[in-house]
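>>> Generate coordinates for the sequence data below:
(2 chains)
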2 protein chains.
Amino acid sequence: MLTGTARSGAGGGPEVAVIGAGPIGLAVAWRCALAGAAVTGYDPTPGSGAGAVAAGMVAPVAEAIFGERELTGLLAASASRWPAFAAELTAATGADLGYRTDGTLVVGLTADDLTEARRLWTYQRELGLPVTPLRPTGLRECEPALATRVRGGALLPTDHQVDPRRLTAALRRAAERAGVRFVPTAVTDLAGLRADVTVVAAGCGTAALTGLPVRPVKGQILRLRAPAGTAPAIRYVVRGLADGEPVYLVPRRDGEVVVGATVEERSDTEVTAGAVQRLLRAATDLVPELAEYRLVEATAGLRPGTPDNAPILGRLAGRSGPLVAAGHHRHGIALTPVTADLIAELALTGRADPLLDPFTPDRFAPSPPGPAGPDGTEVSGR
Amino acid sequence: MLTGTARSGAGGGPEVAVIGAGPIGLAVAWRCALAGAAVTGYDPTPGSGAGAVAAGMVAPVAEAIFGERELTGLLAASASRWPAFAAELTAATGADLGYRTDGTLVVGLTADDLTEARRLWTYQRELGLPVTPLRPTGLRECEPALATRVRGGALLPTDHQVDPRRLTAALRRAAERAGVRFVPTAVTDLAGLRADVTVVAAGCGTAALTGLPVRPVKGQILRLRAPAGTAPAIRYVVRGLADGEPVYLVPRRDGEVVVGATVEERSDTEVTAGAVQRLLRAATDLVPELAEYRLVEATAGLRPGTPDNAPILGRLAGRSGPLVAAGHHRHGIALTPVTADLIAELALTGRADPLLDPFTPDRFAPSPPGPAGPDGTEVSGR
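Predicted coordinates:
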């Protein structure tokens, strides 16, 4: 049951405040509004966070990596919700989300790259995930534009993609149509909000609002565009290692190819010569035709990272605290549907889906209020 | 003596029309106005041509290449005028042109690159030009940021640089202060102009106005910037071959480093992934520290090329035709002072300096009016 239902929306539902209007915040707001809540979204610059530069891979298999079983499960749960989520969003707005289900090719340029890639997909197959290793001829039948040097790869038919900019714009429109009110101001103190439920979906800004260990992880990413009048070079998302450099190529239907992304423990958003060079080198080594593509954008964003690379989903500090939906790191777009559904359910009914258990804020000890000894007990002021 | 002096400017001088407000057109206009002419400059988008993206090397030695002796002489003549020209322009406007006389290092990354570079500087020394080959230790004393892989190089102390954007802005200001009037319209027909002398300095647009064989030669060029708080990586202009890829690095005092440039027989101005990658690869191979620099601009411009790579300077089609100052290809900035001085002299006194002799428009036969046989005589209509 909800706490604090004394205040209620026009429709009789609770008042929900959502801090942050990136894809996660927008989707939570939309879902809450559809369920009858009176939702207010707060963001001084809606849609300007990590989602604005993300590639938009919905890749439950390629992102299933060693040591992240719980996250792998959540990614799979979200991927299974994506088709219906996309259909519902398109029905609500008429927007083309650029949602593509062509699948993903994982490739290795050199023998070493292929060995490394195979090591990972062997693990993924052990988890029961759909990975189809391909012979070189089969790989080239799928994607003739791959360089002849590419040694081998596998098809991941259930790893899809969506265009995050289209997604964000559509979520904003859907939320507004469902009655969400947006306030273009920055929230700096949760105590100042008057709402029955507050959801913090503020990406990197979540740390300052909650004390949770969300840190910026810089990513540089490029957008290429096919020369006028030419057919797109590739149809599949191509993820690969090129002489040890990880790179992904995400082809949109309109000829755009997103090339990403660096992972840097920095909080600036500068585009650097070295990163651009490495991304372009890896991209053109895998698909030489991309050298003729226009370089139309080079940007950097800050992913909200957490100590265990998994998102923070749930209620902060006991039953009366705000809800948190943040720290999605490299998985914000992929995890948008499951996050929106489960956080909206938690906000409106108080029920926490068991899927959320591994991701509660509780797993991170709050910063102690004063100096603490090695055993964590306070050493002064007692 | 001037022809057609019936019309004259307010100061009693002749009326001069200059088509094109790039560095060449602006400098010609400025010089003519200083000499008492009433000058009108025509350009729909002043300063938007090749000069806006040029690196600004004033490199009479590095640009002295096989088979271009006349051009080498003109470059030397212009380089010798540069110090006084820059001083006069700064005195007239107060502008800092970014004119630097630190010199240029020519380097080779691999043994093959060095062999190729040495072949050229041996020729340059045979011409009596100042080239000082350096031992690897001497090279690194000059420029410690060079990669340890760089095999060797030479110092060209008389090859300097200027910032073309600052130059163009200063020339515009100086011209206006000297009384030049600018009309922001495109001239499409010289016959419509009422002036005693017309100077066509329209870069690639010169072909359409005159029938001369000036073609666009695309160049892609990058601008990097040092991270905040760091000292500039390099002091000298560095020109080199890096695994066969020619590249130059032009350091400004404000931390900008210009990296250029491709030479492509194309007329589009798209920035392509392959060109950016090759330029960045060559640049960071020569000076690894540049990988940390911000990539702040990637642009493409169209150089006005000619069949023999030399500019077209002089009177078109006999004594009554317009003057031409165009086709400077890769040398527009370097050749600005000598072009301005000699074309202004020709415009105002009718005297053609002997330096102009190899560059007259006459060397290109005009397009025949009808179909011609193999011997050049008309085969029909007689």
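
>>> Assign a three-state SS to A:I65, would you?
Assigned by DSSP: H, G, I helix; E, B strand; the rest coil, the conformation of A:I65 is coil.

>>> Pretty sure it sits against A:A117.
No: taking C-beta atoms under 8 Å as the definition, A:I65 is not a contact partner of A:A117, at 11.9 Å. C-beta: built from backbone N, CA, C; applies to glycine.

>>> if you count what's nearby, which of those two comes out ahead?
A:A117 (24 against 13; other C-beta atoms under 10 Å in any protein chain shown).

>>> So in terms of bridging, what pairs with the residue nearest to that one when sequence neighbours are not counted?
Spatial nearest neighbour of A:A117, excluding adjacent residues (C-beta to C-beta, 6 or more residues apart in numbering or on different chains): A:G108 at 4.4 Å. A:G108 has these beta-bridge partners by DSSP bridges: A:G152, A:L241.

>>> Around chain B, pick out the residues from chain A.
Within reach of chain B by C-beta under 8 Å from any C-beta of the partner chain, chain A has these residues: A:222, A:224, A:227, A:270-277, A:280-281, A:283-284, A:290-296, A:298.

>>> Tell me who's in contact with the most centrally placed residue in chain A.
Nearest to the mean C-alpha position of chain A, counting by C-alpha atoms, centre = their mean, stands A:G332 at 1.6 Å. Counting by C-beta atoms under 8 Å, 6 or more residues apart in numbering or on different chains, A:G332 makes contact with A:G22, A:P23, A:I24, A:A50, A:G51, A:A54, A:G203, A:R303, A:P304.

>>> if I look at it, how far off is A:A79?
14 Å (C-beta to C-beta, to the nearest Å).

>>> any idea of the pLDDT on the closest residue in space to A:P23 that isn't next to it in sequence?
Excluding the flanking residues, the one nearest A:P23 by C-beta to C-beta, 6+ apart is A:G51, at 4.4 Å. On pLDDT, A:G51 comes in at 94.

>>> What of A:A201?
98.

>>> Which residues lie in contact with it in this structure?
Here A:A201 is in contact with A:V18, A:I19, A:G20, A:G22, A:I24, A:G25, A:V28, A:V324, A:A325, A:A326, A:I343 (C-beta under 8 Å, 6+ apart).

>>> and the fifth one, how many residues sit next to it?
Neighbourhood size, A:I24 [other C-beta under 10 Å]: 32.

>>> show me the contacts for it.
Taking C-beta under 8 Å, 6+ apart, one finds A:G51, A:A201, A:G203, A:A325, A:A326, A:H328, A:G332, A:L335, A:T336, A:T339, A:A340 in contact with A:I24.

>>> all strands of the stretch 101-250 of chain A, in order?
Applying DSSP state E, counting those that start in this stretch to the stretch 101-250 of chain A gives strands spanning A:104-108, A:132-134, A:152-156, A:160-161, A:181-183, A:197-200, A:215-225, A:237-242, A:245-251.

>>> Between those, which one is closest to A:A261.
Set against A:A261 and scored by C-beta to C-beta, these come closest in strand A:215-225, at 4.2 Å.

>>> and chain A, what are its domains?
Following automatic domain parsing, one finds the domains of chain A at A:4-62+A:164-213+A:307-363, A:104-157+A:216-305.

>>> Burial-wise, tell me which of those comes out on top.
With neighbours taken as mean count of other C-beta atoms under 10 Å in any protein chain shown, the domains of chain A reach their highest mean count in domain A:4-62+A:164-213+A:307-363, at a mean of 21.

>>> Export the contacts of A:I24 to a markdown table and append columns for distance to A:E126 and secondary structure.
Output for the contacts of A:I24, formatted as a markdown table (distance: C-beta to C-beta, whole Å; DSSP: H, G, I helix; E, B strand; the rest coil):
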| residue | distance to A:E126 | secondary structure |
| --- | --- | --- |
| A:G51 | 32 | helix |
| A:A201 | 34 | coil |
| A:G203 | 33 | helix |
| A:A325 | 31 | strand |
| A:A326 | 31 | strand |
| A:H328 | 26 | coil |
| A:G332 | 27 | coil |
| A:L335 | 23 | coil |
| A:T336 | 28 | helix |
| A:T339 | 27 | helix |
| A:A340 | 31 | helix |
